[in-house]
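Colleague: mind looking at a prediction? Sequence and model below.
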Amino acid sequence: MPSTQGQLSKYVAIFAGGTLFSRVLGLVRDMVWARYIPYASRDAFIFAFRLPNMLRDLVGEGALNAAFVPVFSDALEKKSRQKFRELVSAALSAMLILLSVLTVAGVLAVPILINGMTLLEPLTGGVSISPERLAFLTTLSRWTFPYLFFIGMAVFAMGALFTVRHYATSSWSPALLNVAFIACSLLFYDRLPQRSVKLNRRNIFARDRNRCQYCGKRFPTSELTLDHVVPRSRGGSSTWENLVCACVDCNVQKGGRLPREARMSLVRRPVKPRRSPVLHLKLRSPKYQSWKTFLDNAYWEVELK
């Protein structure tokens, strides 16, 4: 009896440890996605990945373990080990056929499923999806749907391993999916399309927070200008790293010289922001109300070249 309890405690610890490790990796995965993956790409993938995951819960983890484990256990205890292997082999062949059919049918039916969801928008009050985004979701869903086949076979193998009391592989293998997600996100995130921040006066003023980058004082928008750190007459270009806010006096004092030649220094080195700096400002505060009266909107939105 103590030996049986000790083995049970060991199996529980192995299973709980694998589950905990998988959950921790899931948290790390979400943090990596939030840090490196653009929200539009992330949301599209989560939506596409949800379709095979729904069938995984229905066909895989829920139904398979409930149906096969008792049958496997009965064959292993009341019959020979050879009969158990033959039963697992026959069930494996049936699962290969079933999951293959479901996967192919799912890949073909994805456009119908997604279009069917859009028909529910008047009832659910959801946001309408553009045809381009709908086509992108359809393509992405077709690429992710074969996940059902592989995870279904993995879950089937877990049931057979549970029967023979091999818990380590079954308990720790789900963590491999999160490891793959994290590794791919870190290795290939820079290949994803990024929404670039437009180089215009509004974004530069917002990045520098209406502060002259030479004297460090804040000014109303109407009293600020743009300055090329390296003057255009010396080959300076209009880039995030070469454009800064400057008050009129500092701009005149610097003239067509480099900052060190004018004995001036920058408050901070200008860099390109990762996200639109305007989103971080409270545009309704009095400090930015002068934007509404300073020329027209086209002046602010024109791209600098």
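Modeller: Yep, it's here.
Colleague: show me what counts as buried in the lengthiest helix in the chain.
Modeller: In terms of residue count, the longest helix belonging to the chain (DSSP state H) is helix 81-118. Going by neighbour count (16 or more other C-beta atoms under 10 Å), the buried part of helix 81-118 is 84, 87-88, 91, 95, 99, 102-103, 106-107, 110-111, 114. Yep, even glycine has a C-beta here, placed from its N, CA and C like the rest.
Colleague: so which residues of this structure form strands?
Modeller: Listed in chain order, the strands found in the chain under DSSP state E are 224-228, 243-247.
Colleague: and residue 106, what does it touch?
Modeller: With C-beta atoms under 8 Å, 6 or more residues apart in numbering as the criterion, the residues that contact residue 106 are 51-52, 55, 145, 148.
Colleague: and it, how far from residue 49?
Modeller: Distance of residue 106 to residue 49, computed by C-beta to C-beta, to the nearest Å: 13 Å.
Colleague: ok, and the most crowded of the contacts of residue 106?
Modeller: Within the contacts of residue 106, residue 52 tops the neighbour count with 26 neighbours, counted by other C-beta atoms under 10 Å.
Colleague: next one: the residue nearest to it when sequence neighbours are not counted from residue 240, what distance?
Modeller: The shortest distance from residue 52 to any residue other than its chain neighbours is 4.0 Å, reached at residue 148 (C-beta to C-beta, 6 or more residues apart in numbering). When distance is defined by C-beta to C-beta, residue 148 is 45 Å away from residue 240.
Colleague: likewise residue 48?
Modeller: Counting by C-beta to C-beta, the gap from residue 48 to residue 240 is 34 Å.
Colleague: counting neighbours, what do you get for residue 239?
Modeller: Residue 239 is flanked by 14 other residues according to other C-beta under 10 Å.
Colleague: what's the answer for the one 4 residues further on, then?
Modeller: Burial of residue 243 is recorded as 23 neighbouring residues (other C-beta under 10 Å).
Colleague: hey, where'd the helices end up in the stretch 151-300 of the chain?
Modeller: According to DSSP state H, counting those that start in this stretch, the stretch 151-300 of the chain carries its helices in the segments 167-172, 174-188, 201-207, 248-254, 297-301.
Colleague: number of nearby residues for residue 181?
Modeller: Residues lying near residue 181 (other C-beta under 10 Å) number 19.
Colleague: please renumber the chain so that the first residue is 14 from this point on.
Modeller: I'll keep to 14 as the first residue from here, and by that count the last item is residue 194.
Colleague: is it true that it touches residue 42?
Modeller: Yes - applying C-beta atoms under 8 Å as the test, residue 194 and residue 42 come out as touching, 4.9 Å apart.
Colleague: check contacts around residue 30.
Modeller: Under the criterion of C-beta under 8 Å, 6+ apart, the contact partners of residue 30 comprise 184-185.
Colleague: mean pLDDT per helix and strand in the protein: which one sits at the bottom?
Modeller: helix 310-314 (a mean of 51; mean pLDDT, DSSP states H and E).
Colleague: more crowded one of residue 61 and residue 253?
Modeller: More neighbours sit around residue 61 than around the other of residue 61 and residue 253, counting by other C-beta under 10 Å; the figures are 23 against 16.
Colleague: can you pull the contacts of that one?
Modeller: The neighbours of residue 61, taking C-beta under 8 Å, 6+ apart as the test, are 150, 153-154, 156-157.
Colleague: please redo it, this time with the cut-off set to 10 Å
Modeller: 123, 127, 149-158, 160 (C-beta atoms under 10 Å, 6 or more residues apart in numbering).
Colleague: what does residue 242 give?
Modeller: Residue 242 sits next to 226-227, 249, 252, 254-257, 259, 267, 271-272, 279, 282-283 when contact means C-beta under 10 Å, 6+ apart.
Colleague: switch the cut-off to 7 Å
Modeller: Contact analysis of residue 242 by C-beta atoms under 7 Å, 6 or more residues apart in numbering lists 249, 255, 257, 272, 283.
Colleague: what do you get for residue 123?
Modeller: The neighbours of residue 123, taking C-beta under 7 Å, 6+ apart as the test, are 151, 154-155, 158.
Colleague: switch to 10 Å and redo it
Modeller: Residue 123 makes contact with 61, 64-65, 150-158, according to C-beta under 10 Å, 6+ apart.
Colleague: done for today, thanks.
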